[in-house]
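Asker: I'd like to go over a predicted model; first the sequence, then the structure.
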Amino acid sequence: MDDFTKVQNMVATLFEAPLESVTLQSSKDDFVLWDSLNHLNLIMEIESEFNVSIGIEEIAEIRTIQGIMDLLKRHRNK
Amino acid sequence: MPDIKALILADTIVDPILRFLSDRSTTPFIEAKTGPYNQVQQILMDPHHSVWKEENELLIVWTTPERSIPSFEKVLGYEEFEINSLMDEVDYFARNIIESSQRSKLTFVVSWSMPPHYREIQTLAYKHNVGHTNILMQMNLRLAQHFSNYNHIVLLDSNYWYISLQKKSFDHKMFALGKINYSRDYFEKAAYEMKSVIRAFQGQTKKVIICDLDNTLWGGIIGDDGIDNINLGGINPIGESFIQFQKELKKLRERGILLAISSKNDESIAKDMIENHPEMILRMFDFSSYRINWKDKAENIAEMVNELNIGLQSVVFLDDNPTERERVKQAFPEIYTPDLPEDYTAYPTFIRMLDCFETIEITREDRVRTEMYQKESERKISLSNASSIDDWLKSLDIIVKVLPLEKNLLTRAVQLLNKTNQFNMATNRYTEDEYWNWSSFDQNQVYVFQVQDKFGDSGITALISFSVSNNQAEIVDFVMSCRVMGKKIEEALLFNVLSKIKKMNIDSVRARYQKTDKNQPFFDFIKDKYTDSSDYLLDMNKVPSPDFINVINEVQN
């Protein structure tokens, strides 16, 4: 499974949204369940799945799926 | 199983556990809500609080000691405190829980603990009425004492969660951002443990273990290796692991879990091993039922399940062989068939960590037994309900590669000839030189077979050799490792060799079975393939070619 598919599955499960509704362009406003607690759940899932540690400033900046993909890329290249 | 509704009262943010509780990959599915944050005592004391309006089957009280017991906050701050008033506070808390527990069928109280990221002054930890560990332990024991008369209140051991997690249990970022005291993995662990306790209350725990013998209860293959060469006990690390594994099974038996055997073996040889090997922990009387034969395991298991009169969902099947596990999983998905570790030294830990034998209380063995026989449904399980063995065999994607004997295969070929006892026509033994010489004669031909299926490659596991003279062929050796028996591979091998012989315009083939103590399985295979007039002549029409086995002739001479 590639990174995007993993993220797509994660977001769909967490926010109880159809898989196909999760695209690179999707953002926080597209999901009713993307609230502050689920935001933290999402961060915990990303850290667990990809074995990365996301900085405290970065956490607040994540607003889109593209943002997650960029962040993963940055962490992978470290 | 309907979803379980639960209310969680906590003094920290525990909401991340909700999605693990409602996760549908493990039963039961718990649909939980959290009550207002950090008002545990108030809510417990107020019978008219809005959280009680909805009925919940499960109440979870998850608190931290420093927040629910004010005196313990002083303990942590090294302030002066009174041990008696601290205990009074614990009593008060416990009584409130008991009162509120009447509102649901089951109440979980998470025991108090200090997280591992909190370092205690080691010299003081256990000092009586001073150390945090000491006081915390007294507090938990006091709770346990209060709850001891209430079977519907379970004090869950959060210390065990910390210890067994073996991953970080605290996430400083999540604490900083959301006042979340625990890590994702800790929540997952807690949900998992809570679910297994509920399964026990629902009577969903397992009651029978059906286990294989070779490489499951002992190391090696009894039919081939013999009782003197089986790896069990001794001073061998693997042998010791099998002893520990058997001891764990014995403990489960003491707790009332029935044991049974499903093994592809010669019954008398296997029984002799179980009864007479000096280091066996389990003996025949420990097993409530057994089927030791060469039949399909699913068929044998169906028979035993009927005999013991238990439901399929109470059965655990343990077998080192992934192919057999797949067969049972496919025939009876209700049976719990976990994957055994490939490393035998991991067997004892594997069985100690299984969470499917949770019980509400340890009952006397006889009581459990009678109850079990009475309570379980009477429905008979038959293989006709389950998917057929042919479907299973087809699903295995068996590939047999046929290779003429060459020098690089010689060692393995001779090893196979000398080590195989059960599926062995003539039980001839050779040295490598002898065999190489014999095979180099023009009239003699040797084929070895490499067997693989979707679970992996079993390597060279069979050999057939024959000799041609005067327009007649004589099969000299036919051996196959019992690892691959029971899948009609032997039919495919014989068919393949007979086809080769036919191409040489030979129509008379002899396969002389030479009886030994151990090679009954070979006779069972060959007996109906002889012509009526016999003298060990094969009737070529009686050797079918199983269409689900893909036979590949690697190199043609």
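Answerer: On my side now, so go ahead. Residues are numbered from 1 along each chain as shown, chains lettered A, B, ... in the order given.
Asker: the helix or strand of chain A with the lowest mean pLDDT: which residues count as buried?
Answerer: Lowest mean confidence among the helices and strands of chain A (mean pLDDT, DSSP states H and E): helix A:56-61, at a mean of 89. Within helix A:56-61, the residues that count as buried by 16 or more other Cβ atoms under 10 Å in any protein chain shown are residue A:59. C-beta: built from backbone N, CA, C; applies to glycine.
Asker: tell me how far that helix lies from the chain's centre.
Answerer: How far helix A:56-61 lies from its chain's middle: 12 Å, per Cα atoms, centre = their mean, to the nearest Å.
Asker: which other residues reach it?
Answerer: A:39-40, A:43, A:67, A:71, B:173, B:176-177 (Cβ atoms under 8 Å, 6 or more residues apart in numbering or on different chains).
Asker: and the residue in the stretch 201-350 of chain B that chain A sits nearest to, what's its pLDDT?
Answerer: Residue nearest to chain A within the stretch 201-350 of chain B (Cβ to the nearest Cβ): residue B:339, separated by 21.5 Å. Predicted confidence (pLDDT) for residue B:339: 95.
Asker: then it would be within a helix, right?
Answerer: No: with DSSP: H, G, I helix; E, B strand; the rest coil as the criterion, residue B:339 is coil rather than part of a helix.
Asker: and it, how many neighbours?
Answerer: Residues contacting residue B:339 under the criterion other Cβ atoms under 10 Å in any protein chain shown number 11.
Asker: over to the one 5 residues further on?
Answerer: Using other Cβ under 10 Å, the number of residues around residue B:344 comes to 22.
Asker: tell me the pLDDT at residue B:528?
Answerer: Confidence at residue B:528, expressed as pLDDT, is 88.
Asker: same question, residue B:542
Answerer: So, for residue B:542, pLDDT stands at 86.
Asker: can you tell me how far the nearest residue to it once chain neighbours are set aside sits from residue B:519?
Answerer: In space, and not counting its chain neighbours, residue B:542 is closest to residue B:529: 4.6 Å by Cβ to Cβ, 6 or more residues apart in numbering or on different chains. Separation of residue B:529 from residue B:519 (Cβ to Cβ, to the nearest Å): 15 Å.
Asker: break chain B into its domains for me.
Answerer: Following automatic domain parsing, chain B resolves into domains at B:4-201, B:208-393, B:396-553.
Asker: residue in chain A nearest to chain B?
Answerer: residue A:44 (3.9 Å).
Asker: and for the closest residue in space to that residue that isn't next to it in sequence, the neighbour number?
Answerer: Sequence neighbours aside, residue B:184 is the residue nearest to residue A:44 in space, at 3.9 Å (criterion: Cβ to Cβ, 6+ apart). Residue B:184: 23 surrounding residues under other Cβ under 10 Å.
Asker: confidence score at residue B:373?
Answerer: Predicted confidence (pLDDT) for residue B:373: 39.
Asker: now swap in residue B:156 and tell me
Answerer: You'll see residue B:156 listed with a pLDDT of 97.
Asker: all the helices of chain A, residue numbers only.
Answerer: Taking DSSP state H to define them, one finds helices in chain A at A:3-14, A:36-50, A:56-61, A:65-76.
Asker: out of the ones you listed, which is the most enclosed?
Answerer: Sort those by mean neighbour count, taking mean count of other Cβ atoms under 10 Å in any protein chain shown, and helix A:36-50 sits at the top with a mean of 19.
Asker: if you count contacts, what does it end up packed against?
Answerer: Judged by 3 or more Cβ pairs under 8 Å, 6 or more residues apart in numbering or on different chains; DSSP states H and E, helix A:36-50 is in contact with helix A:3-14, helix A:56-61, helix A:65-76, helix B:172-178, helix B:184-201.
Asker: now it and helix B:184-201, what's the angle there?
Answerer: Orientation check (axes from the mean of the first three to the mean of the last three Cα atoms, to 10 degrees): helix A:36-50 against helix B:184-201 gives 100 degrees.
Asker: can you list contacts of stretch B:531-548?
Answerer: The contact list for stretch B:531-548, computed with Cβ under 8 Å, 6+ apart, reads B:390, B:393-394, B:396, B:398, B:475, B:488, B:491-492, B:494-496, B:498, B:502, B:507-513, B:528-530, B:551.
Asker: so which residues on chain A come close to chain B?
Answerer: A:14, A:36-37, A:40-41, A:43-45, A:47-48, A:54, A:56, A:59 (Cβ under 8 Å from any Cβ of the partner chain).
Asker: which of those sit farthest apart?
Answerer: A:14 and A:56 (20.4 Å; Cβ to Cβ).
Asker: quick one: the helices in the stretch 201-350 of chain B?
Answerer: Secondary structure of the stretch 201-350 of chain B (DSSP state H, counting those that start in this stretch): helices at B:222-225, B:237-254, B:267-276, B:297-308, B:322-331, B:347-353.
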